[in-house]
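1. 3D model of this:
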Amino acid sequence: MVYEIISTFIGILALLISFGVLTIAVLTFLDKRNKKKKCPSCQHTGWAVSVRTF
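-> Okay, the predicted model is just below:
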């Protein structure tokens with residue numbers, strides 16, 4: 001009885017943690033993809049290049 005309750009609780013906790021990690025991974029992937037579209041000059045180096053116009 002107690003074993004089943006603890007196992008269920010641990011299973012639900014593991015699912016919540018894995019879903020949270022998956023959500024963070026997807027958000028990070030989308031953020032990186034959007035940054036590449038906005039900054040084509042930093043695709044090769046990975047660094048943002050500051051361009052000054054006068």
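2. Y3: how many residues sit nearby?
-> Neighbour count for Y3, taken as other Cβ atoms under 10 Å: 7. No exception for glycine: its C-beta is placed from N, CA and C like everyone else's.
3. can you spell out which helices and strands pack onto the helix or strand where I6 lies?
-> Element membership for I6 (DSSP states H and E) is helix 2-38. Here helix 2-38 is seen to pack against no other helix or strand when contacts are counted using 3 or more Cβ pairs under 8 Å, 6 or more residues apart in numbering; DSSP states H and E.
4. buried set for it?
-> Applying a neighbour-count criterion of 16 or more other Cβ atoms under 10 Å, helix 2-38 contains no buried positions.
5. what sits up against stretch 6-14?
-> Residues from elsewhere that reach stretch 6-14, judged by Cβ atoms under 8 Å, 6 or more residues apart in numbering: none at all.
6. show the average pLDDT along it.
-> Computed over stretch 6-14, the mean pLDDT rounds to 98.
7. hey, C-alpha coordinates of stretch 30-38 in PDB?
-> Extracted as PDB, the C-alpha positions of stretch 30-38 are listed here (Å, rounded to 0.1, in the frame of the first residue of the first chain):
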ATOM      1  CA  LEU A  30      13.400  28.300 -30.700                       C
ATOM      2  CA  ASP A  31      15.300  31.200 -29.100                       C
ATOM      3  CA  LYS A  32      18.600  30.300 -30.900                       C
ATOM      4  CA  ARG A  33      16.700  29.800 -34.200                       C
ATOM      5  CA  ASN A  34      15.200  33.300 -33.900                       C
ATOM      6  CA  LYS A  35      18.500  34.900 -33.000                       C
ATOM      7  CA  LYS A  36      20.100  33.400 -36.200                       C
ATOM      8  CA  LYS A  37      17.400  34.900 -38.300                       C
ATOM      9  CA  LYS A  38      17.800  38.400 -36.700                       C
END
